[in-house]
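Asker: Give me the fold of what follows.
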Amino acid sequence: MKLAIAHNAAPLEAGVNGAVCVGETRVTLDAVVTAFEEGAMIEEIVHPYPARGRAAAYAANGYYLRQGAEVRASLAQRHPRSNEIRQENETRFEAAGVRARLLSRRSHGNENSRVRLAPTSLLLTHIF
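Answerer: Now for the predicted structure:
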């Protein structure tokens, strides 16, 4: 049987505010690329996602490896705006102690706060 070689397009879609999302997830290409460039192995990056997201993240990383200069240039254009948005959010929402407050709610049996907390080593700050 002869292997059919298919050329698949990268599973990237324009998301909200022009962000490029991986497959049908809310994970941005920026998050995958940043984690990869910071030394994370692709398996670490895709671990938290469902199987369909994993395949898309692998394909997106392959796209980045092939089209690195183009991807970096595109992301560089978005970074100034993302930094502005991050600063706006930090001034509107106090992030200090969020994890401690959520854990406190959980330990006090607050039924209205059903929060699942991932180990901090699995959190990627650039994702959502």
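
Asker: what does the average pLDDT come to for the longest helix along the chain?
Answerer: Identified as the longest helix of the chain according to DSSP state H is helix 68-92. Helix 68-92 shows a mean pLDDT of 80.

Asker: now do stretch 47-62
Answerer: 78.

Asker: hmm, back to that, would you mind pulling the contact partners of the longest helix of the chain?
Answerer: Contacts with helix 68-92, where a contact means C-beta atoms under 8 Å, 6 or more residues apart in numbering, come from 18, 19, 20, 29, 30, 33, 63, 64. Yep, even glycine has a C-beta here, placed from its N, CA and C like the rest.

Asker: could you redo the last one with a cut-off of 6 Å?
Answerer: Outside of helix 68-92, the residues that reach it under the criterion C-beta atoms under 6 Å, 6 or more residues apart in numbering are 30, 64.

Asker: can you dump the C-alpha coordinates of the helix or strand that it is followed by into CSV?
Answerer: Going down the chain from helix 68-92, the next helix or strand is helix 98-107, by DSSP states H and E. Taking C-alpha atoms only, helix 98-107 is exported to CSV below (Å, rounded to 0.1, in the frame of the first residue of the first chain):
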residue,chain,number,x,y,z
VAL,A,98,-5.5,35.4,44.0
ARG,A,99,-4.3,31.8,44.4
ALA,A,100,-4.3,32.1,48.2
ARG,A,101,-7.8,33.6,48.2
LEU,A,102,-9.1,30.8,46.1
LEU,A,103,-7.5,28.2,48.3
SER,A,104,-8.9,29.9,51.3
ARG,A,105,-12.4,29.7,49.8
ARG,A,106,-11.9,26.0,49.0
SER,A,107,-10.7,25.2,52.5
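
Asker: Now helix 98-107: buried residues?
Answerer: Judged by neighbour count using 16 or more other C-beta atoms under 10 Å, helix 98-107 contains no buried positions.

Asker: what do you get for stretch 2-19?
Answerer: Those would be 10, 11, 12, 19, for stretch 2-19 by 16+ other C-beta under 10 Å.

Asker: Fine by me, we can end here.
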